[in-house]
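what follows is a predicted structure for the sequence shown.
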Amino acid sequence: MSLTNYLVLASLLFAIGASTVLLRRNAIVVFMGVELMLNATNLLLVTFARMHGDLSGQVIAFFVMVVAAAEVVIGLAIIVQIFRTRRSASVDDVNLLKS
Amino acid sequence: MTSSIATHLPAAVAFSTASVPAEGLLSLAWLLVALPLAGAATLLLVGRRADAWGHWLGVLASAASFLVGFAMFIALLGRPADDRIVNLHLFDWIPAGNLNVEAGLQIDPLSLTFVLLVTFVGTLIHIYSVAYMEHDVDRRRFFAYLNLFVAAMLVLVLADSYLLLFVGWEGVGLVSYLLIGFWFQSTANAVAAKKAFIANRIGDLGLLIALMLMFATYGAVDFTTVLGGVDGVSQGTLTAIGLMLLLAACGKSAQFPLQSWLGDAMAGPTPVSALIHAATMVTAGVYLIVRSGPIFDGAPDAQLVVVIVGAITLIFGAIIGCAKDDIKKALAASTMSQIGYMILAAGLGPIGYALAIFHLVTHGFFKAGLFLGAGSVMHGMGDQVNMRQFGALRTYMKATYITFAFGWLAILGVPPFSGFWSKDKIIEAAFVGEGWRPWVFGTVALLGAGLTAFYMSRVFFMTFFGAKRWNDGHKTRPGTALSKQPVQHPHESPRLMVWPMIVLAIGSAALGGLLSIGNVFQTWLEPVTGHVEEHEPVLAVWLIMTLTLALVAAGLWLAYVQYAKAPVPVVVPVGSVLTRAARKDLYQDDVNDALLVEPGKYLTRSLVYGDRQVVDGAVGGLGHIMVRLGEVVRRSQTGYVRSYAAMMTVGLVALVAVVLATRI
Amino acid sequence: MTGGFTAPQIDWAQLAPIIIVLGAGVVGVLVEAFVPRGVRRNVQLALTLLASAGALIAVAALWSGVRETGGTSVVGGSILLDGPALVIQGVVAALTLIALLVVADRTETGESAFAPAAAAVPGSDYEQLARRAGLEQTEVFPLIMFAAGGMMIFPAAGDLLTMFVALEVLSLPLYLLSGLARRRRLLSQEAAMKYFLLGAFASAFFLFGVGLLYGFAGSVRLDAIAEATTTVVGLDPLMLAGVAMLLVGLLFKIGAVPFHSWTPDVYQGAPTPITGFMAACTKAAAFGALLRVVYVVVPSIVWDLRPALWAVVILTMAVGTLVALVQTDVKRILAYSAIAHTGFILTGVVALTSSGITSVLFYVLAYGAASIGIFAIVTLVREVGPDGVVLGEATHLSQWTGLGRSNPWLAVTFSLFLLSFAGIPLTAGFIAKFTAFSAAVEGGATPLAIAGAVASAIAVFFYVRIIVLMFFTDAPRAGDRTGAEVTVVKSEGLTTVAIALTALLTVLLGVFPSPVLDLMAQAAKFIP
Amino acid sequence: MTNPYVPILVMMGVAGVMALGGVAASAIIGPKRYNRAKLEAYECGIQPTPHAVGGGRFPIKYYLVAMTFIIFDIEVVFLYPWAVNFTELAMFGLVAMMGFLFLITVPFVYEWRRGGFEWE
């Protein structure tokens, strides 16, 4: 029973992360939303690992952290570059390519 | 796998589908396609350096192909009738899972008839073009396309599967597109080319869907399997396949309701009109239906639709032909109408298949002759096409006049010219049957003959008889409308143009009669179309023949009174409602335009140059709906990352919901 | 879990194609570190070309083994080297090789397609300085190698963790590459950001799907999950939701509706050689992975997924085709056409027959070759400034009018690729479409095949429109032009080689497809 | 409904509603006083608006340090489990880890050669 709570928490965090992506304007915050989704998944994986008594879930969580870090590096580079060019980090200002 | 199915079939199917592998001379059939293809490739690759001799290479390639075809014909005659369906395997083409398509050629009386027609008439038109296109800087390219067309057309008729047929089908479409737009300097040509392309695509879609239905039903698309296996297939499926094939035929053969492009295609060079839009490509639809005979025999409903389409187009084309003042457009309308006859015949079932092909062959000769004649007139009259500005040309262009007269008598069906033998048979066959059908279709076919006589005589008289209605430079009174026209010096065309016309005129005169002696043509086709007992028409044969000839005479007389005896106004008279409607292709063109072409035409312009009003002006139509839909969907592409993410989220939720919904 | 660790046997030979490419990436980074600036580009080009050729040879060398055994599982099942995986690896290696030619090419004046210093603010003095100094962002080459390495692992992944890592390895370099265009840098950066944010979003969904499936099956190995779908009871919602989210990640990468929205923007904004590379190789790799998921994991629950997948296929074809009708930018038209083609390829995927696998493998090759070629041509058609200086690409449709007369060969080749996209016989595109549709018919998805036929009939319109523009339309009056004068630049010739190669492939695959189709039919079997 | 996961899915739905609802509520009810600082990107304490130093060049050191830190920080994730199981993993583990460390070193070398560690 207690483990179920972790799953609920993970789902909640995931949903909050997704909502952040959809609703926030600042690219950095949007990106933090994505990170939150990844970490929510980590929680999910670790919980399931515990439930199944299987370690691979934890290993995956490690990998996800590393991948997330790499993503941060790339993402920051792109966002900072955009910011330096346009003096704005709002995702709504980046709107030249459309229809 | 295919052969095993064939051997399990009862021997007494109406259509013989058993084929034997090619050997000896017949195994060289690939040369038929390879020769013109090599010609085209050489002309295109060598480039400007071939300008001096390129056209003769084109003629040579086509003529060589004809000689090979003729040799095949002799070889096939040397075989017993049952062995005349020969299959030449070329290579494994598409092995994909259960579908294994081989590229192969089928040499049988039907395909060989086409081969001979295409290469013979094709060669004549090649020769004619040498002179006709003499002053065109791009003559070499023109010949390359002509050769390419011949190759594609031969692929179409020689294919042993619907898929390879489709390759040829698309090929001729593409090349005809290139040829109509050959003088692409003029916008009208480019638009006409596009119109033809769009109409053809709709037809092609039909063929594509038919292909899929065949594959779904038989697991194969080769003639042997598909046509040999109709017995085990439900009538509904056959009807669906048949209707799709008919759609394809309508697109290619300019039949109702996809006929509108043919008139505009006349914008291309006249030899192209003669070769592609009279003798060969436009008859591919007839070939498709005759080739698919077993499918239509198993689907009477589809067959009925075929007859109806043929009948409608036959009258439709004839009425339009009565009102056109452009000589080429009048001939185009007549082509439409004559192909209507063929489609009608093909829809009558086994009794009509051979007749359809017979008329196709004779029509190939006399219509090509008529077009070349028209080209010759244009050549002599400074590219004038308006018949109201012709008149009395018989004294200036003797050879053209006489050869044109032969074609004219042939299309009228005056005995003993070719058209009499083929068209009369179709009219007779249309009167065969029970219930309402023979009366309706027979009457339509009969009326068509009368109308044909009228509008073709109209063309003939307006061009060669009556008073001079062109500015000859000295006898024209100054100040009249006529004197503003450019001065014409009508003259006979060069010999290179006249000789092909003479050969075709001889064909128009004699071919029909020769091939009718002892039903030799029908017997020749029997291995493919099946043997049919004679049926009695609902009216006596002598009565039908008399009625036909009477109507033809009436039409001729009417035209003579109106256009040879009475003066023809140079300025177009207002005319009756029907005449005005017919001048506008019975408004069908406008309907099709609104549906298909205008939106596309204006869309291109508007998209390229941004005049939006034109698009909004072209309200209605299939193309327009598509564009509107596109505009609506395009709005979802807002450019905002967050709206994209929202779209993805909604998509995800929908996906999960749909997937989970299956378990509830 | 403790005790009894045995080191896994690693069959390095089987990993050769992957290792060669990734190794070239690593060496490439070292080259960036140590090789002097002047020769760096040539060293990188030679290195990457050799590596892709080497990978292709390695694939060929592994071929007979895979054909006999049906495939091997390497690194304890994390990598499955079976027929489809090997074919996709070969396709990726070959297309990368060709794409590299376009990437590396420079104009006569020595301008590559990439920003001289990507970190410089557009329009700044420093950027001018870097441009004048002739700097080059040669990091492009190792980035492409890393992306290609990820693409080669992606379809061969035997568990979802490997698949996820491969997904990121192929995506991250592409995000950067999208932002490196020399011209129109704002658009390029925007494309990079959109691609990055949406890509990260989609991979988060993918990962959550992995988590759910792990919870369902207790393992992330594909065979274990497939087995669990038939044995484990009572957890179906978990499993179905997991599979659906997994599919979202994959459908995003291939650009299927409604996960397609990044495609037009990124295709338009990214440097054109990279667009070609993405269109060809990413699509091939992602379809390889999608095939594996659909054919290995899904079969027992196919009835649950069918309605959703069918809807995606039809939507994808419809949206791609319809919106392409109303586009005016050449790159954008091609992007929407890419979406439509995703739909066509998907018909082969949902067929769920072995001929479906064959058709997808063939289609990605045919489509990829034509894509690289067509985008390579786009790189050559440029605007000219009033002072005769060659500017960026002339991508507006009106600028392509009359190209057929000024540059017949270029226009003819472009038309060839367009006809292949349109599926006209005797081009690779026709065979590809035909095999895909007939596989769909065979797999009981006739409505999809018919929808595909209708969509491709409509699509012909916008392909032919470009041909008409190039050949049959007069160049507009000066006032009608929306852009500057247009010219076709001369390059160092690498692009021409790439165009010639892809055109040759397009024709050969159209006229004599049977050797390749045979090969792919032999490969059309996944090992569990 | 013996299935323990169905509630989870329900909860996921509830979570979504809550998360969206919360934001929506704050958007509707909450006071909106945006100022410049609120809309700026958060950039490690430096002036958010770049000074035109060196003609548009931008002091990028902060990011370089941050990125370098992230990369080399993360490798520890793999080093800890390896160190704990060092004896069991034995030679295989050692070789694998050396390979990993080599690969980590490659970008380090790149950054060093490209002057990523030079402060001025």
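Received the coordinates, thanks.

show the pLDDT at residue 41.
Picked chain A for this. pLDDT for A:Thr41: 95.

hm, I was asking about chain C
pLDDT, C:Arg41: 91.

ok, B:Gly122 next?
At B:Gly122, pLDDT is 89.

equivalent analysis for A:Ala68, please.
91.

now swap in B:Ile107 and tell me
For B:Ile107, pLDDT reads 85.

doesn't B:His89 make contact with it?
No. B:Ile107 lies out of contact with B:His89 (CB atoms under 8 Å); the separation is 11.9 Å. In short, each C-beta sits where N, CA and C put it, glycine included.

which neighbours do those two share?
B:Ala22 (CB atoms under 8 Å, 6 or more residues apart in numbering or on different chains).

looking at these two, which is more packed in?
B:Ile107 (26 against 13; other CB atoms under 10 Å in any protein chain shown).

and the residue nearest to the more buried one when sequence neighbours are not counted, how far is that from B:Val68?
With sequence-adjacent residues excluded and distances taken as CB to CB, 6 or more residues apart in numbering or on different chains, B:Ile107 is closest to B:Val86, at 4.4 Å. Separation of B:Val86 from B:Val68 (CB to CB, to the nearest Å) stands at 14 Å.

the two: who's more crowded?
More neighbours surround B:Val86 than the other of B:Val86 and B:Val68, with 25 against 21 (other CB under 10 Å).

what sits against the more buried one?
Per CB under 8 Å, 6+ apart, neighbours of B:Val86: B:19-22, B:26, B:76, B:106-108.

next up, phi/psi of it, please.
Here is the backbone geometry of B:Val86 (degrees, to the nearest 10): phi -120, psi 140.

tell me what it is bridged to.
B:Val20, B:Ile107 (DSSP bridges).

the closest residue to C:Leu519 other than its chain neighbours: neighbouring residues, count only.
The spatially closest residue to C:Leu519, leaving aside those adjacent along the chain, is C:Val87, at 7.6 Å (CB to CB, 6+ apart). Using other CB under 10 Å, C:Val87 has 29 other residues around it.

close enough to count as contact, C:Val87 and C:Leu361?
Yes. Counting by CB under 8 Å, C:Val87 touches C:Leu361, with 5.0 Å between them.

any residues in contact with both of those two?
Counting by CB under 8 Å, 6+ apart, the residues touching both C:Val87 and C:Leu361 are C:520, C:523.

look at residue 51 and report its pLDDT.
All of this is about chain A. pLDDT for A:Met51: 89.

my bad, chain C
96.

with adjacent residues omitted, what lies nearest to the residue sitting nearest the centre point of chain D?
Chain D has D:Ile70 as the residue nearest its centroid, 6.7 Å off, counting by CA atoms, centre = their mean. Closest residue in space to D:Ile70, ignoring its immediate chain neighbours: A:Ala69 at 4.9 Å, by CB to CB, 6+ apart.

show the contacting residues for that neighbour.
Per CB under 8 Å, 6+ apart, neighbours of A:Ala69: D:70-71, D:73-74.

anything in whichever strand or helix holds C:Leu186 sitting right up against chain A?
According to DSSP states H and E, C:Leu186 maps onto helix C:185-217. Yes. Interface with chain A: helix C:185-217 contributes C:185-187, C:189-194, C:196-197, C:200-201, C:204-205, C:207-208, C:210-212, C:214-215 (CB under 8 Å from any CB of the partner chain).

got the contacts of A:Ala69 as CSV, with pLDDT and secondary structure columns?
As requested, the contacts of A:Ala69 are exported to CSV (pLDDT from 0 to 100; DSSP: H, G, I helix; E, B strand; the rest coil):
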residue, pLDDT, secondary structure
D:Ile70, 76, helix
D:Ile71, 72, helix
D:Asp73, 78, helix
D:Ile74, 79, helix
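
most neighbours, which of the residues you listed?
Of these, with other CB under 10 Å as the count, D:Ile74 tops at 20 neighbours.

so that residue sits right up against A:Val66, yeah?
Yes. In this structure, D:Ile74 is within contact of A:Val66 by CB under 8 Å, at 5.1 Å.

need phi/psi at B:Trp408.
Main-chain dihedrals, B:Trp408, degrees, to the nearest 10: phi -60, psi -50.

can you pull the contacts of it?
Contact analysis of B:Trp408 by CB under 8 Å, 6+ apart lists B:370, B:456-457, B:459-460.

for B:Thr662, same thing?
Taking CB under 8 Å, 6+ apart, we find B:Thr662 in contact with C:303-304, C:307.

element containing residue 88?
Using chain A. Going by DSSP H and E, A:Ser88 is not in any helix or strand.

the intended chain is chain B.
strand B:86-96.

list the buried ones in that strand?
Judged by neighbour count (16 or more other CB atoms under 10 Å in any protein chain shown), strand B:86-96 contains these buried residues: B:86-88, B:92-96.

likewise stretch C:404-411?
Result for stretch C:404-411 [16+ other CB under 10 Å]: buried residues C:404, C:407, C:410-411.

and which of those is nearest to chain B?
C:Gly404 (8.6 Å; CB to the nearest CB).

rewinding a little: ok but the residue nearest to D:Ile70 is inside a helix, no?
Yes. Under DSSP: H, G, I helix; E, B strand; the rest coil, A:Ala69 falls within a helix.

quick one: it and D:Met67, what's the gap?
9 Å.

cool, and B:Gly639?
29 Å.

who's more crowded, those two?
Remark: of B:Gly639 and D:Met67, D:Met67 carries more neighbours, 21 against 18, as counted by other CB under 10 Å.

report the buried residues of the helix or strand where the more buried one lies.
Per DSSP H and E: D:Met67 is located in helix D:61-84. Residues D:63-64, D:67-68, D:70-71, D:74, D:78 are the ones in helix D:61-84 that count as buried (16+ other CB under 10 Å).

return the member of the residues you listed nearest to C:Asn42.
Each of those was scored against C:Asn42 by CB to CB, and D:Leu64 proved nearest at 28.3 Å.

nearest residue to that closest one other than its sequence neighbours?
In space, D:Leu64 is closest to D:Gly116, 5.2 Å off (CB to CB, 6+ apart).

which ones are touching D:Met11?
So, once contact is read as CB under 8 Å, 6+ apart, D:Met11 ends up touching A:7-8, A:11-12.

quick one: pLDDT of it?
77.

next: the one 5 residues further on.
If you check D:Gly16, the pLDDT there is 83.

just B:Gln588 next, same as before
At B:Gln588, pLDDT is 56.

what do you get for the one 4 residues further on?
Here the pLDDT value assigned to B:Asn592 is 55.

quick one: low-confidence ranges for the chain?
Here I'm looking at chain A. For chain A, the stretches with pLDDT under 70 are A:1, A:99.

correction: the question concerned chain D.
Ranges of chain D meeting pLDDT under 70: D:1-4, D:36-62, D:119-120.

redo that, cut-off 50
Within chain D, the stretches with pLDDT under 50 are D:1, D:50-57.

same thing with chain B?
In chain B (pLDDT under 50), the answer is B:1-16, B:603-604, B:606-620.

got a list of what the residue sitting nearest the centre point of it touches?
For chain B, the residue nearest the mean C-alpha position is B:Val282 (0.8 Å; CA atoms, centre = their mean). The contact partners of B:Val282, by CB under 8 Å, 6+ apart, come to B:252-254, B:262, B:276, B:335, B:339.

if I look at it, how far off is chain A?
41 Å (CB to the nearest CB, to the nearest Å).

please give me every residue in contact with the nearest residue to C:Ala279 once chain neighbours are set aside.
Using CB to CB, 6+ apart and skipping the chain neighbours, the partner closest in space to C:Ala279 is C:Ser371 (4.0 Å). C:Ser371 sits next to C:276, C:279-280, C:283, C:334, C:338 when contact means CB under 8 Å, 6+ apart.
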